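> Pasted the sequence and its predicted model underneath.
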Amino acid sequence: MAQNKFTSEIVIGLEIHAELNTATKLFCSCPTHGSEEPNTRTCEVCLGMPGSKPVLNAKALEFALKLCMAAGCEISPSLIFSRKSYFYPDMSKNYQITQYEIPLGLKGSIELDNGKKISLKRIHMEEDPAALVHPSGMSGSSYVLVDYNRSGNPLVEIVTEPELNSPEEARDFMKRLITILNYLGIFDVDKGVIKADANISIKESGYTRVEIKNITGFKEIERALTYEIARQKEDPKSIVQETRAWDAEEAMTFTLRKKEAEEEYGYIIDPDLVEIDITKNMLKIAKESMPELAHEKVKRYVTEHKIDEEDAKVIAAEKELAYMFEKVAKEIDPVLAARWIRRELVRVMNYNEKEFKDLEIDEKHIIELLSMVEKKEITDAVAKKILEELMAKPFSPKEYVQKQGIKKIGGAEELRKFCEEAIKENPKAVEDYKKGEAKSLQFLIGQVMRKTKGQADPKILNEIIKEMLK
């Protein structure tokens, strides 16, 4: 059930358009990607020339069905397309082929990181309009260029109920949706277009709804909403129902036009596209190709591998990270694998500004490294250093350890010798420790670690030095 929008200080609803990762457009055989020369990937169908006949892309329908299933939607028994009539340069035939009366999917929900479920009003298919190019920015250009290469690309539109109550929740929703699209394999994060229209209102204005068009990216969603909330709160009585645009460079919204009602678009059933039955076989094919999704992986990791739920959420949120963890966990203790992959691998990747597609190492390098950690052949400090070096160039961690001679020093007698040296060389630290300053013990442990080049186990050193200082 949709949340009563009049109970919150801020009410946000999103309409998200995600491009489906098909080779060809929604109603013709033109490629969705390829030549970037303007207006070259077009034909009479995607330009809407008289006498041209659209034919539905079956793969796009399969992808859209998978998304509806992943979101738990009620799926329509038939697929019907309509014409949304409007006059604008981005649609050469003066109407957009979309779904209005009967969307492909109804209801459903997507859960945020905080556990809050955001209800979906609908999921439907439609074609992408052309790209409008503003040479001097949206608000500063004296003319606009139109590139029809994108026109006719297949989109799914995901419409939420007005249940989001902050820019942070809106950003999280977008992240959750991207995760689902990525797992399903129906969206290309590198090439695909994903943008959002945000409807936002505040209590002080009497919930007068303002729409912000075509916001791209998680951060931009948060920035645009944060700005718009501040703008509306500044003078709530002046707010009118309208459509605004987000200027990312100026970090502000500006008026485009007064908001139209849906009925003003004059929807009619498209006479060129026949009604298509959503058969049991279609649903079977889509369901059988469904992967295990992120929220399902979280439950399995916690129950099957006994790892921390927060670690499980972070790992499962990124498909490539999850797949690496699963391969490593077959060879290494899953709890150890989760800790290193979730924390250390991600830390090193972030530091080097690398994404999974940029990595030259694979699960074999991680298994080899963590195998030595698990067997206590190397210390955590040494393993972290090796992981950092692996980011620059792949190599065998085992061979590296042998060549460098950096296996862990574990013999008590050998360690006692280093501890004795550290104690003799640092009498003040010894004196301070005996006076009750605990940090002096850590200083002495650090001195021994330096002598052993990080090859000693700090826990064993802790015990030895304490015993020697009694």
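Thanks, I have the structure now. Numbers count the residues shown, from 1 in each chain.
> and Val11, what does it touch?
Shown in contact with Val11 (Cβ atoms under 8 Å, 6 or more residues apart in numbering): Lys5, Pro162, Leu164, Asn165, Ile200, Ser201, Ile202, Tyr207. Yep, even glycine has a C-beta here, placed from its N, CA and C like the rest.
> For the nearest residue to the second one once chain neighbours are set aside, give me phi and psi.
In other words, Pro162. Nearest non-adjacent residue to Pro162, counting by Cβ to Cβ, 6 or more residues apart in numbering: Gly13, 3.9 Å away. Dihedral pair for Gly13: phi -130, psi 150, per degrees, to the nearest 10.
> show me what contacts Gly13?
Neighbour list for Gly13: Val159, Thr160, Glu161, Pro162, Glu163, Leu164, Ala198, Asn199, Ile200 [criterion: Cβ under 8 Å, 6+ apart].
> Dump those residues to a markdown table, plus secondary structure and pLDDT.
Converted to a markdown table, the contacts of Gly13 look like this (DSSP: H, G, I helix; E, B strand; the rest coil; pLDDT from 0 to 100):
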| residue | secondary structure | pLDDT |
| --- | --- | --- |
| Val159 | strand | 97 |
| Thr160 | strand | 97 |
| Glu161 | coil | 96 |
| Pro162 | coil | 95 |
| Glu163 | coil | 95 |
| Leu164 | strand | 96 |
| Ala198 | strand | 95 |
| Asn199 | strand | 95 |
| Ile200 | strand | 96 |
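> will you turn those residues into CSV that also has distance to Lys393 and neighbour count?
Listed next are these as CSV, based on distance: Cβ to Cβ, whole Å; neighbours: other Cβ atoms under 10 Å:
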residue, distance to Lys393, neighbour count
Val159, 47, 16
Thr160, 45, 25
Glu161, 50, 18
Pro162, 51, 22
Glu163, 48, 24
Leu164, 44, 27
Ala198, 44, 26
Asn199, 49, 19
Ile200, 48, 27
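> What is the nearest of those residues to Ala286?
Val159 (20.7 Å; Cβ to Cβ).
> if we can go back for a sec, which members of the contacts of Val11 define the maximum pairwise distance?
Within those (distances taken as Cβ to Cβ), the two that end up farthest apart are Leu164 and Tyr207, at 13.9 Å.
> separation between the residue nearest the centre of the chain and Ile307?
Central residue of the chain (Cα atoms, centre = their mean): Lys175, 4.0 Å from the mean position. According to Cβ to Cβ, to the nearest Å, Lys175 and Ile307 sit 21 Å apart.
> got it, and Leu67?
Noted for Leu67: a distance of 28 Å to Ile307, by Cβ to Cβ.
> Pretty sure Gly393 sits against Ile361.
No Gly there; residue 393 is Lys. No - taking contacts as Cβ atoms under 8 Å, Lys393 lies outside contact range of Ile361: 9.2 Å.
> who has more neighbours, those two?
Counting neighbours by other Cβ atoms under 10 Å for Lys393 and for Ile361 shows that Ile361 has the greater number, 17 against 8.
> can you confirm the more buried one is in a helix?
No - Ile361: not assigned to a helix; according to DSSP: H, G, I helix; E, B strand; the rest coil it is coil.
> Give me the domain ranges for the protein.
Using automatic domain parsing, the domain ranges for the chain come out as 5-286, 292-404, 412-469.
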